[in-house]
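Q: Output the structure for:
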Amino acid sequence: MQTRGILQGELNSIRKELMVMAARVQDDLGKALVVLRSGGADLVKEVKESGKIVDALQIKIEDMVLVLIATQQPVARDLRELITVFKITANLERIGDHGIHLVKAAVKLAERPSFSSIGHIECMVETSQEMLKAAMSAYMSQNGQAARKAAALDEKIDNEHKMLTEETLTLMKEKPQLVKAAARLLKLSGFMERLGDHVTNICEGILYMTEGRHVELND
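A: Below is the predicted model of the structure:
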C-alpha cells in the first residue's frame, strides 16, 4: 500500500506539471491571437521566451516519468498513463512551436494590406484553444468520451482552413500584387491546421490510457 501511495503521489505531481505546461501553451496562443488582431509586436519576445520554458517543462516532466517507471515499475493503466504523458508533452511542445510561428507571421501580416480571410485564422486559433482546454480536462478526468468530443472540434478547424485556402487562392488570381502576403497567410493557416492535429494526437493518447487500445480519430 505504501508503494501504491508513492506511485499515486508521483503521478499527481506529473499531472500538475503537465497542466502547468498546457496552461502556458494555451496562454501563448492567446497572446498570438492578440498580435494577430491588433499588432502588439512586443508580445513576440514574450511568446519566444515562454517557448523556452515549455521546452524545459517537457524535459522535466519526461524525466519525472522515467524515474517513476524505473523506481515504481507501474503496470496496467498507470503504465499506459505514463506512456501517454510522453505523447502529450511532445504534442504540447509542437503546439507551442506553432504559437511562435503564429506571432511571427501575425506581425508580418500586420505590415501588409488587411485580408478578410484573417477571420478564419482567428477562428482556428480560438477553436484550438477550446480544443486544447477540453483535451486536458479529459485527461485530468480520465474521460475517454470527453476526449472524443474534444477531438471532434478539429473538423471546425479543417473547415476554416479549407475556406481560407479557397478565398486566398481566388484573391491571388485577382490581385497578383498581394501574392507574397497571401502565401504567408496560407502558410499560417497550414500551421493552425496542424495545431488541431496535435491536439487530436493528445486525445488519441487519452483513449489509449483509458481504454487500453490505439484509436485513430478524425480520419
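
Q: tell me the helices in this structure, going along the chain?
A: Assigned by DSSP state H, the helices in the chain fall at 2-38, 42-72, 76-110, 118-141, 144-152, 154-174, 179-211.

Q: need those helices in TSV with mean neighbour count and distance to Asn218, can you?
A: Heads up, the C-betas are built off the backbone N, CA and C, glycines and all. Formatted as TSV, those follow (neighbours: other Cβ atoms under 10 Å; distance: least, Cβ to Cβ, whole Å):
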stretch	mean neighbour count	distance to Asn218
helix 2-38	17	20
helix 42-72	16	24
helix 76-110	20	14
helix 118-141	21	11
helix 144-152	20	6
helix 154-174	17	5
helix 179-211	21	5
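
Q: Kindly reformat the ones you listed as TSV containing mean pLDDT.
A: Supplementary listing: the helices of the chain in TSV, determined by pLDDT from 0 to 100:
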stretch	mean pLDDT
helix 2-38	89
helix 42-72	93
helix 76-110	90
helix 118-141	94
helix 144-152	96
helix 154-174	93
helix 179-211	91
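
Q: quick one, which of those helices is nearest to Leu217?
A: If you check each of these against Leu217 by Cβ to Cβ, helix 144-152 wins as the nearest, at 4.3 Å.

Q: you'd agree Glu167 is up against Ser116?
A: Yes: between Glu167 and Ser116 there is a contact at 7.4 Å, judged by Cβ atoms under 8 Å.

Q: who's in contact with the spatially most central residue of the chain?
A: In the chain, the C-alpha nearest the mean C-alpha coordinate belongs to Ile95, at 3.7 Å (Cα atoms, centre = their mean). By Cβ atoms under 8 Å, 6 or more residues apart in numbering, the residues touching Ile95 are 25, 29, 128, 132, 195, 198-199.

Q: Just flag the most distant two among those.
A: Leu29 and His198 (11.7 Å).

Q: ok, Leu68 to Ile83 distance?
A: Applying Cβ to Cβ, to the nearest Å, the value for Leu68 to Ile83 is 12 Å.

Q: and the closest residue to Met64 other than its chain neighbours, what does it touch?
A: Using Cβ to Cβ, 6 or more residues apart in numbering and skipping the chain neighbours, the partner closest in space to Met64 is Ile14 (5.2 Å). Going by Cβ under 8 Å, 6+ apart, Ile14 touches 61, 64-65, 68, 82, 85.

Q: Done for today, thanks.
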